[in-house]
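S.K.: Need coordinates for the below:
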Amino acid sequence: MKHRLSRVQTIALGFFLIIALGTILLMLPVSSRSGEGAGFFHALFTSTSSTCVTGLVVADTYCSWTLFGQAVILALIQVGGLGFITISVFLAIFLKRKIGLKERNLIQESVNTLQLAGTVRLVHKIVIYTAWIEGIGALLLMVRFIPRFGWAKGIWYGIFHSISAFCNAGFDLMGQFGPYSSLVTYYDDVLVNLVVMALIILGGIGFIVWDDISTHTWHVRKYLLHTKIVLAMTFALILGGSLCFYLLERGNLLAGMDAKGQVLCSLFGAVTPRTAGFNTTDTAMYTEGTRLLTIILMFIGGSPGSTAGGIKTTTMMAILLYIWSNLRNKNGLNIFGRRLDEDSIKKASTVFFINLLLAAACGLAMCGLEPGLGMSDISMEVFSAIGTVGISTGITRDLSLASQCLLVFLMYCGRIGSMSFALSFTEKKRTPPVQLPTEKITIG
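M.R.: Numbers count the residues shown, from 1 in each chain. Model prediction:
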């Protein structure tokens, strides 16, 4: 009997093939500024980071890649951000081809939508909304970039950074001011900060939330429970993260700034770890407290069905509600007048611990491979990789090949979902007809 790939396996294989194609294109001499073509692993790491919308790099994007190479990276970011299934289905719609049940199931798995009905309509909305949001973002960024870089480069920089921000990729072309400088020169620029943060947030709240808000507009009571949780968690993480960032850095990175710079940097420091990877301050100079805060934000990440990574806001909310309910000895997890189903709790706890165990295992391995590096540096790196964030203290390019391979693995798992990656090997449809007897154990 011919083996058929499951939905999860199809998505995992699709991302693998896109990474492979990106690697080949980036190895071409026309992609590299040296004119000799990038080495295999350099191209593989960059292709993986681009497709998985992470932003970790082993060489500065501006200094290492030509315009062609940058265009390849941007294409990989766009495909990785929206998902190749979404783009493929949209092209099929454009060509007026019939979308079958198999394709609809793939869309549901790829976008994490709650129901099969309306998936084709959702794909159409996703692509159209994305084009509008990225286009407006690019035009606003051009207001700053064209006067500084000229028309051609200013337009290209606007497009590149808008797509990179919306897809939560974190790749930048500011290396001409200094390698790996990101948006540090714009730390107090209101327009650049607000536009980039808005793009990150819009890309990270998820396509399901977009659809729900566009359908019900300002009628908040009609929103799905999913939408309410996402918006509440997003607001709490931005507000709480900004306040914590300010308190932890007010005597360090924020010490010499005026009030405007402190506010913008604090907001940006809370938004970008979920999960964009841009930075307007020197991440290598973070205090230990700020590094821990950043790791927590990177671990949580964005929301389901979005361009962001991490365990997702809904996962974290389900875990917190479960803990709070048990502490009060209450039955059921109630929020916004609704009760969460048991499957949500099981999936949330699985996602939480698989991601945590993967990060811990790879972090432990890297500690053995890189004895000269501190724990906080390595922790930032592994949580940045599995959360597809891209924030680093600057150690990525100095890591051994084995450590960089671990980061490639984590970025891939983080993009397709660590649980999905595990299921791609273990997924089975049959359930055993007979279960083993139950016996209690002591917990706590």
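S.K.: Next up, the contacts around the nearest residue to residue 161 once chain neighbours are set aside.
M.R.: Excluding the flanking residues, the one nearest residue 161 by CB to CB, 6 or more residues apart in numbering is residue 141, at 5.7 Å. For glycine as for every other residue, the C-beta is placed from the backbone atoms N, C-alpha and C. Residue 141 is in contact with 157-158, 161-162, 192, 195-196, counting by CB atoms under 8 Å, 6 or more residues apart in numbering.
S.K.: With pLDDT and secondary structure added, can I get those in TSV?
M.R.: Output for those, formatted as TSV (pLDDT from 0 to 100; DSSP: H, G, I helix; E, B strand; the rest coil):
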residue	pLDDT	secondary structure
157	97	helix
158	97	helix
161	97	helix
162	97	helix
192	97	helix
195	98	helix
196	97	helix
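S.K.: Isn't residue 382 up against residue 410?
M.R.: Yes: contact criterion CB atoms under 8 Å: residue 382 and residue 410 qualify, at 6.3 Å.
S.K.: Pull out the buried members of the contacts of residue 141.
M.R.: Among the contacts of residue 141, those classed as buried by 16 or more other CB atoms under 10 Å are 157-158, 161-162, 192, 195-196.
S.K.: Now tabulate those in CSV and tack on distance to residue 205.
M.R.: CSV is the format used below for these (distance: CB to CB, whole Å):
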residue, distance to residue 205
157, 25
158, 23
161, 20
162, 17
192, 21
195, 16
196, 15
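S.K.: so where do the helices sit in the stretch 301-444 of the chain?
M.R.: 313-327, 342-369, 375-386, 401-416, 418-426 (DSSP state H, counting those that start in this stretch).
S.K.: Highest mean neighbour count out of the ones you listed?
M.R.: Stretch with highest mean neighbour count among these: helix 375-386 (a mean of 25; mean count of other CB atoms under 10 Å).
S.K.: tell me which of the buried ones among the contacts of residue 141 is nearest to residue 305?
M.R.: residue 162 (20.7 Å; CB to CB).
S.K.: Excluding sequence neighbours, find me the nearest residue to residue 411.
M.R.: Closest to residue 411 by CB to CB, 6+ apart is residue 52, at 4.3 Å.
S.K.: So what's the residue count around the one you found?
M.R.: 29 (other CB atoms under 10 Å).
S.K.: before we move on, what about the one 3 residues further on?
M.R.: Under the neighbour criterion other CB under 10 Å, residue 55 is assigned a count of 32.
S.K.: Quick one: residues contacting it.
M.R.: Residue 55 makes contacts with 49, 164, 169-171, 276-278, 389-391, as judged by CB under 8 Å, 6+ apart.
S.K.: Try it again at 10 Å.
M.R.: 49, 61, 77, 164, 167-172, 182, 272, 275-279, 384-385, 388-392, 396, 411 (CB atoms under 10 Å, 6 or more residues apart in numbering).
S.K.: Need the three-state assignment for it.
M.R.: Using DSSP: H, G, I helix; E, B strand; the rest coil as the criterion, the local structure at residue 55 reads coil.
S.K.: Stretch 159-179: end-to-end distance?
M.R.: Using CA to CA, to the nearest Å, the end-to-end distance of stretch 159-179 comes to 20 Å.
S.K.: Any buried residues in it, and which?
M.R.: Buried, per 16+ other CB under 10 Å, within stretch 159-179: 159-175, 179.
S.K.: Mark which of these are part of helices, please.
M.R.: 159-166 (DSSP state H).
S.K.: ok so, going back, between residue 382 and residue 410, what contacts are shared?
M.R.: Between them, residue 382 and residue 410 share the contacting residues 358-359, 361-363, judged by CB under 10 Å, 6+ apart.
S.K.: how close does residue 168 get to residue 307?
M.R.: 5 Å (CB to CB, to the nearest Å).
S.K.: Output stretch 400-418 in CSV with nothing but the alpha carbons.
M.R.: Coordinates of each C-alpha in stretch 400-418 appear next as CSV, following Å, rounded to 0.1, in the frame of the first residue of the first chain:
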residue,chain,number,x,y,z
SER,A,400,31.4,25.9,16.4
LEU,A,401,29.8,24.1,13.5
ALA,A,402,28.2,21.6,15.8
SER,A,403,26.5,24.4,17.9
GLN,A,404,25.3,26.1,14.7
CYS,A,405,23.8,22.8,13.5
LEU,A,406,21.9,22.6,16.8
LEU,A,407,20.6,26.1,16.1
VAL,A,408,19.5,25.1,12.6
PHE,A,409,17.6,22.2,14.1
LEU,A,410,15.9,24.4,16.7
MET,A,411,14.9,27.0,14.1
TYR,A,412,13.3,24.4,11.9
CYS,A,413,11.4,22.9,14.9
GLY,A,414,10.4,26.3,16.0
ARG,A,415,8.9,27.2,12.6
ILE,A,416,6.9,24.1,11.9
GLY,A,417,6.1,23.7,15.7
SER,A,418,8.0,21.4,17.9
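S.K.: Could you list the low-confidence segments of the stretch 1-150 of the chain?
M.R.: Scanning the stretch 1-150 of the chain for pLDDT under 70 picks out 1-3, 90, 93-95, 100-118.
S.K.: switch to 90 and redo it
M.R.: Across the stretch 1-150 of the chain, the ranges flagged by pLDDT under 90 are 1-15, 34-38, 80-128.
S.K.: Break down this protein into its strands, ranges please.
M.R.: Listed in chain order, the strands of the chain (DSSP state E) span 333-335, 338-340.
S.K.: Just tell me which of those ends up closest to residue 415.
M.R.: That would be strand 338-340 among the strands of the chain, by CB to CB, at 26.1 Å.
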